[in-house]
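Undergrad: Okay, predicted coordinates and the sequence, questions at the end:
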Amino acid sequence: MIYIGVTGWGDHDSLYPNKLPSKDKLKEYAGHFPTVEVDTAFYAIQPKRNAEKWVNDTPDGFQFIVKAYQGMTGHRGEIPFDNLQMMFEAFKDSLKPYIDKNKLAMVLFQFPPWFDCKRENVDYLRKCKQMMGDIPCALEFRHQSWFAAAYRKKTLEFMKAEKWIHSICDEPQSGEGSIPTVLQPTTTDKVLVRFHGRNVYGWQKRNAENWRDVRYLYRYNQQELEEWAVHIEKLADECNQVYLLFNNNSGGDAADNAKEMMNLLNIKYEGLAPTQLDLFNEH
């Protein structure tokens, strides 16, 4: 199955024509897409009551991709826990509502641009996987050394051996802080594709005050989406479940591009939540 969604559900105006309050947006979102990324988990380990609300706001079969907390991926120096084990245990405990309702697709470990290919980082990846246990985990790099000619094959073999789900990226090619698109799943069960846009100029402006707004300002055109549709169909032949997340939402383009991809792949989901527009349709 191919699951298509976007990163987060709060900032997609085209989905919420009546300016819904934040607390109702996920219910409406789940009428359009069958999966979403929980980006807030990156900034703080979420209390279980939040996850409980979110799983209750979505229909059976809806799938969450929860981003690993930033302390687990080295994005912040000091961590607000006594040790690594306590941090991982707190994060895993926050996942229980998703797991209990069979709505956890995977946890996404997205490592920073300075997390390069060297032995101590390979050892840390092993440790992460060990501490996460049986919870499915996806791995996304942001340093191109992992896929340099000398290491690409070994990186993919390592991910297969450790059962990391590959988070394949479409992103600007802008030096060592970006990775190429490597269209190879590392498990036969699941693969993740994240569309970050192709704004090379914005990708390089990390120190600018509004760098997040500029970085993901991009709208995929028809030709780019058609090329990706071919790739996705091939990935679907190799994997049971393919997850697509559009992250190019600085200009509000992610949801529109996700809908366009659904049309290109001729996907019509059943069992989505009712939307506000559905209330006026005959049943």
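TA: Right, received. Where do you want to start?

Undergrad: Moving C-terminal from the lowest-mean-pLDDT helix or strand in the chain, which element do we reach first?
TA: Least confident helix or strand of the chain, by mean pLDDT, DSSP states H and E, is helix 211-215 with a mean of 62. Following helix 211-215 in sequence order, the next helix or strand is helix 222-238 (DSSP states H and E).

Undergrad: Can you mark which positions in that next one are buried?
TA: 225, 228-229, 232, 235 (16 or more other CB atoms under 10 Å). Yep, even glycine has a C-beta here, placed from its N, CA and C like the rest.

Undergrad: With stretch 114-132 instead?
TA: Neighbour-count burial for stretch 114-132, with 16+ other CB under 10 Å as criterion, is recorded at 115-117, 121, 124-125, 128-129, 131-132.

Undergrad: JSON lines please, covering those and showing distance to D24, pLDDT and secondary structure.
TA: Formatted as JSON lines, those follow (distance: CB to CB, whole Å; pLDDT from 0 to 100; DSSP: H, G, I helix; E, B strand; the rest coil):
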{"residue": "F115", "distance to D24": "37", "pLDDT": "94", "secondary structure": "coil"}
{"residue": "D116", "distance to D24": "43", "pLDDT": "94", "secondary structure": "coil"}
{"residue": "C117", "distance to D24": "44", "pLDDT": "95", "secondary structure": "coil"}
{"residue": "N121", "distance to D24": "41", "pLDDT": "96", "secondary structure": "helix"}
{"residue": "Y124", "distance to D24": "40", "pLDDT": "97", "secondary structure": "helix"}
{"residue": "L125", "distance to D24": "39", "pLDDT": "97", "secondary structure": "helix"}
{"residue": "C128", "distance to D24": "35", "pLDDT": "97", "secondary structure": "helix"}
{"residue": "K129", "distance to D24": "37", "pLDDT": "97", "secondary structure": "helix"}
{"residue": "M131", "distance to D24": "36", "pLDDT": "97", "secondary structure": "helix"}
{"residue": "M132", "distance to D24": "32", "pLDDT": "98", "secondary structure": "helix"}
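
Undergrad: Identify, from those residues, the entry nearest to T155.
TA: Checking those against T155 by CB to CB gives C117 as the nearest, at 7.0 Å.

Undergrad: list the contacts for the closest one?
TA: 143, 145-146, 148, 151, 155 (CB atoms under 8 Å, 6 or more residues apart in numbering).

Undergrad: For the stretch 151-283 of the chain, which segments are assigned as strands?
TA: With DSSP state E, counting those that start in this stretch as the criterion, the stretch 151-283 of the chain has strands at 165-170, 190-195, 241-246.

Undergrad: Also the stretch 1-150 of the chain?
TA: Counting by DSSP E, counting those that start in this stretch, the strands of the stretch 1-150 of the chain are 2-7, 35-38, 63-67, 104-110, 137-140.
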